[in-house]
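> Show me the folded form of this:
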Amino acid sequence: MASPALGDPHDSGDGSLNLNADILVDESVGTGAVGDFAVRGRLFSPELAARADEQREANAERLDIAGTLTFEPTASETEAYAAVRAGLFDGYSSEAHSRAVEAREESAILPTLALVIGVPLVILVGVFLGRFWARRRRASH
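Coordinates of the predicted model:
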């Protein structure tokens, strides 16, 4: 017996699926009554056809609406963008920019100095505290 997960070992492996279409149409194949396949009795009903037509019309309406969309900016959007763009560099001067760069370069000295002094200081404090706790521990034992 072949496992459903592995498939039929005698199958060609082309991925085809053999369907028994006699179950869907009104031809009996001896697989059961109409009650066994409740959908079979309604498959080709006028109600289902009407519902399919309604869905086709709704889809067509959606496509018509999508065709009317435009992505061109309106005049008010263009004016607002121009106003924002003009205000971006209002009061800009290259001198103010160069002063800000110089201030950042000068202020970079302080963090470097703090790092050069701080790292060895933290190491020394760690060594001192380690020895202090080791002596205290030895004295208590």
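> Helix or strand: which one has Ser16?
Under DSSP states H and E, no helix or strand contains Ser16.
> That one: neighbouring residues, count only.
Each residue near Ser16 was counted by other C-beta atoms under 10 Å, and the total is 8. (C-beta placed from N, C-alpha, C; glycine too.)
> contacting residues around it?
Not one residue lies near Ser16 by C-beta atoms under 8 Å, 6 or more residues apart in numbering.
> And for Arg99?
Residues near Arg99 by C-beta under 8 Å, 6+ apart: none.
> mind checking which helix or strand it is in?
Using DSSP H and E, Arg99 falls within helix 94-107.
> lowest average confidence, helix or strand, in the chain?
With mean pLDDT, DSSP states H and E as the measure, the helix or strand of the chain carrying the lowest mean pLDDT is helix 94-107 (a mean of 71).
> What's the mean pLDDT across stretch 60-70?
Mean pLDDT, stretch 60-70: 84.
> Which helix or strand lies directly C-terminal to the helix holding Arg99?
As assigned by DSSP H and E, the chain's next helix or strand after helix 94-107 is helix 109-140.
> Now that following helix: average pLDDT?
Here the average pLDDT along helix 109-140 is 92.
> heads up, I number from 34, so please use that
Shifting the count to begin at 34 puts that one at helix 142-173.
> and that helix, what does it pack onto?
Applying 3 or more C-beta pairs under 8 Å, 6 or more residues apart in numbering; DSSP states H and E, we find helix 142-173 packed against no helix or strand.
> buried set for that helix?
Residues of helix 142-173 include none that count as buried (16 or more other C-beta atoms under 10 Å).
> Quick one: end-to-end length of stretch 92-112, please.
This stretch, stretch 92-112, spans 37 Å end to end (C-alpha to C-alpha, to the nearest Å).
> what's in contact with it?
Here stretch 92-112 has contacts from Tyr114, using C-beta under 8 Å, 6+ apart.
> In it, which residues are buried?
Of all the residues in stretch 92-112, not one is buried under the rule 16+ other C-beta under 10 Å.
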